[in-house]
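Engineer: sharing a model that was predicted from the sequence below.
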Amino acid sequence: MICETTRRSCGVLIVVAAAAVAMLAALSCGVGPANAGGGVNGNAGRQQRQLKAGSGGGSSGGCSNLNLYEGSWVYDQAYPPYDSSSCPFIAKEFDCLKFGRPDRRYLQYRWQPGGGCNLPRFEGEKFLRRMEGKKMMFVGDSLSMNQYESLLCMLHAAVSNSNITRQSQPYLSTATFQVCMRLSIYIYVT
């Protein structure tokens, strides 16, 4: 029963982590409200962000509209963005490889938006520079915790030799990256 629950949790973790990677990759490339051209438009009940080609969003040529909500999962040998067994932030019960999952291929998928747009690979150092001196907070349950841990692991992979301060309290945990650009990331578990 525990093994089955852990496998299910690992599958959910991978989907949540991949969605977080897509969102953070877009953020690290300047895709956001300040850089979006055309604003936010409704699209069959969903919001679609319009991005003009060449606006610094990291999209490839010929990409006139970036819709993060439509696309597919594609195999990419350059993934995963971090090794869960060497990341000090992943809770032991969510380390899928530790519990004997025999395959690793599921780790090598990334989200590919439709319309010929490409999301650039997440660049941890670039993200830290953009977030210099800021504080970031995740609020929620175990899914938010998974996203928090995934972001910390991606940043740790990018600047593994940096000094990282961690503090934990019953409901609030903090990780501060002490590289040239100080960034504090909080999680409040509800």
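Structural biologist: Ah, there it is. This one's a predicted model, so the numbers in the text were calculated from it and none came from an experiment.

Engineer: hey, where'd the helices end up in this structure?
Structural biologist: If you assign secondary structure with DSSP state H, the helices in the chain sit at 2-28, 124-130, 142-158.

Engineer: check which helices and strands the last one sits against.
Structural biologist: So the one you mean is helix 142-158. If you count contacts as 3 or more CB pairs under 8 Å, 6 or more residues apart in numbering; DSSP states H and E, helix 142-158 packs onto helix 2-28, helix 124-130, strand 135-140, strand 172-177, strand 183-189. Every C-beta, even on glycine, is put in place using the N, C-alpha and C of the backbone.

Engineer: state the mean pLDDT of stretch 183-190.
Structural biologist: Average pLDDT, stretch 183-190: 93.

Engineer: list the buried residues of it.
Structural biologist: Within stretch 183-190, the residues scored as buried using 16 or more other CB atoms under 10 Å are Leu183, Ser184, Ile185, Tyr186, Ile187.

Engineer: let me have that stretch in CSV, keeping just the CA atoms, if that works.
Structural biologist: What follows is stretch 183-190, C-alpha atoms only, in CSV (Å, rounded to 0.1, in the frame of the first residue of the first chain):
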residue,chain,number,x,y,z
LEU,A,183,17.0,35.4,-2.7
SER,A,184,14.7,34.0,0.0
ILE,A,185,12.1,31.5,-0.9
TYR,A,186,9.4,30.6,1.6
ILE,A,187,6.8,27.8,1.9
TYR,A,188,3.8,28.1,4.2
VAL,A,189,2.1,24.7,4.4
THR,A,190,-1.7,24.9,5.0
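
Engineer: other residues contacting that stretch?
Structural biologist: With contacts defined as CB atoms under 8 Å, 6 or more residues apart in numbering, stretch 183-190 is touched by 128, 131-142, 144-145, 148, 151-152, 171-177.

Engineer: drop anything exposed from those residues.
Structural biologist: Leu128, Met131, Phe138, Ser144, Met145, Tyr148, Leu151, Leu152, Ser173, Ala175, Phe177.

Engineer: closest to Ser162 out of these?
Structural biologist: Phe177 (5.9 Å; CB to CB).

Engineer: could you check how far the residue nearest to that closest one when sequence neighbours are not counted is from Glu149?
Structural biologist: Nearest residue to Phe177, sequence neighbours excluded (CB to CB, 6 or more residues apart in numbering): Leu183, at 4.9 Å. Leu183 is 16 Å from Glu149, where distance means CB to CB, to the nearest Å.
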